[in-house]
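# sequence unknown, structure follows:
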């Protein structure tokens, strides 16, 4: 991620982020001063400021007939996501009611692209058994999805145990109470496997990413048995 666009996860392009960071530096300024500081034309700066206001990152007031803008504390970014999380938790049960009911006990889903793969990994944090098994290189997984995105922290906050079979070159394990790992010699293994509850997730590191989730009790038991066999030997 470019240091000039560290807020891209908020949906901010490089110029809009430049406006926000310039205002952080200026603290309080009219649009003409912000345009001067960033080198962006005033009309564009106005639109960018309106977007930042909608995110709660900028506020505005009028002094002596001049509209001025103030950069809010960056902590507002955290508040923005906390509010979205609360809203999401309210919405999900309603959306789940709309899901088509099926008599089948098995389901296979396919995921394409980096963001879809991240959502696949995120799903493991909803495990009811509170144990996630994994096989593969954590280093290669992080490289593939573009770096850490707070998954490990959220897993620990939920008190979920991770048992991992990793490869040489991966990071050593911290917090052994919630993170147990065994290391094997590196091999040609272009992917990553997650096993939890009755789901088996297979991630392939090819092109933009390809993932499969197989939800089946028998298949999950078989995958867990294979994991334990590798773990013991």
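Nice, thanks for sending it over. On a predicted model such as this, the values are computed, not experimentally measured, just so you know.
# only C-alpha atoms for contact and neighbour calcs from this point on.
Fine.
# residue 40: what secondary structure?
coil (DSSP: H, G, I helix; E, B strand; the rest coil).
# so what pLDDT did it get?
At residue 40, the predicted lDDT confidence score is 90.
# and it, how far is that from residue 215?
From residue 40 over to residue 215 the distance is 51 Å, taken as C-alpha to C-alpha, to the nearest Å.
# of the two, who's got more company?
residue 215 (19 against 16; other C-alpha atoms under 10 Å).
# just list whatever residues bridge to the closest residue in space to the more buried one that isn't next to it in sequence.
Excluding its sequence neighbours, the residue lying closest to residue 215 (C-alpha to C-alpha, 6 or more residues apart in numbering) is residue 199, at 4.4 Å. The bridge-partner assignment for residue 199, based on DSSP bridges, gives residue 196, residue 215.
# hang on, residue 199 packs against residue 212?
No - applying C-alpha atoms under 8 Å as the test, residue 199 and residue 212 come out as separate, 10.1 Å apart.
# ok, these two, which is more surrounded?
The neighbour count for residue 199 versus residue 212, taken as other C-alpha under 10 Å, is higher for residue 199 (23 against 18).
# got a list of what that one touches?
213, 214, 215, 216, 217, 220 (C-alpha atoms under 8 Å, 6 or more residues apart in numbering).
# I'd like the mean pLDDT over stretch 194-209, please.
Stretch 194-209 comes out at a mean pLDDT of 90.
# and it, end to end?
15 Å.
# surely residue 183 is in a strand?
Yes - the assignment for residue 183 is a strand, going by three-state DSSP.
# which residue, neighbours along the chain excluded, lies closest to it?
residue 166 (4.8 Å).
# residue 66 pairs with what?
For residue 66, the beta-bridge partners are residue 63 (DSSP bridges).
# what pLDDT is listed against it?
Listed pLDDT for residue 66 reads 85.
# spatially central residue for the chain, please.
Per C-alpha atoms, centre = their mean, the C-alpha nearest to the average position across the chain is that of residue 149, at 4.8 Å.
# which residues does the residue lying closest to residue 41 once chain neighbours are set aside contact?
Sequence neighbours aside, residue 35 is the residue nearest to residue 41 in space, at 5.9 Å (criterion: C-alpha to C-alpha, 6+ apart). Contacts for residue 35 were tallied using C-alpha under 8 Å, 6+ apart; they are 41, 42, 45.
# could you tell me whether residue 35 really is in a helix?
Yes - assigned with three-state DSSP, residue 35 falls within a helix.
# right, I'll call it a day here.
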